[in-house]
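Undergrad: dropping the sequence and predicted coords here.
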Amino acid sequence: MPNVKIFVDEDLLAVQKTGLSQVLTRLRDIVSKHLEVHHSACQFALLPVVALSDQPAVNVEIHIMPHPSRTKEVLEAMGVEVQKELRDVTGKPVAFRCTQLDPMTYVALK
């Protein structure tokens with residue numbers, strides 16, 4: 001159940017909304033491949049933000065459940081691919097953060 005939030009500076013999103021919307025399917029492919037999950041398990045959102053000018057214009061935060069195959073190296077490789085796709089679209093620096101949730105305290109209602 002990868003939950004991927006892509007925070008984009010609102011001025012950049014206004015200019016790059018089409019390109020960013022189109023890259024979502026490639027990002028889903030990357031996440032699905034690295035985390036070994038079906039596309040239907042992924043949740044993606046593009047969110048406009050007002051950010052400081054000295055911060056990356058794009059910030060990706062992904063929350064996942066732990067799994068033995070999700071090693072630090074696998075998650076870093078996924079992050080590098082995600083960063084590249086978004087940097088190619090926006091031409092801006094991209095921050096990437098991945099958090100593994102505690103399955104004992106995690107609650108999801110759908």
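TA: Perfect, thanks for sending it. Numbering: from 1, shown residues only.
Undergrad: contacting residues for Leu35?
TA: Pro2, Ile64, His67, Arg70, Val74, Met78 (Cβ atoms under 8 Å, 6 or more residues apart in numbering). (Glycine included, C-beta is placed from N, CA and C.)
Undergrad: quick check: buried residues in stretch 58-68?
TA: Val58, Asn59, Val60, Ile62, His63, Ile64, Met65 (16 or more other Cβ atoms under 10 Å).
Undergrad: I'd like the average pLDDT over the longest helix along the chain.
TA: Longest helix of the chain, by residue count under DSSP state H: helix 10-35. Across helix 10-35, the average pLDDT comes to 97.
Undergrad: tilt between the helix or strand just after it and helix 10-35?
TA: From helix 10-35 onward toward the C-terminus, using DSSP states H and E, the following helix or strand is strand 43-49. Calculated by axes from the mean of the first three to the mean of the last three Cα atoms, to 10 degrees, strand 43-49 forms an angle of 160 degrees with helix 10-35.
Undergrad: average model confidence for whatever helix or strand comes next after strand 43-49?
TA: Counting by DSSP H and E, the next helix or strand C-terminal to strand 43-49 is strand 58-64. Averaging pLDDT along strand 58-64 yields 97.
Undergrad: how near is Lys17 to Phe96?
TA: Note on Lys17: its distance to Phe96, by Cβ to Cβ, to the nearest Å, is 20 Å.
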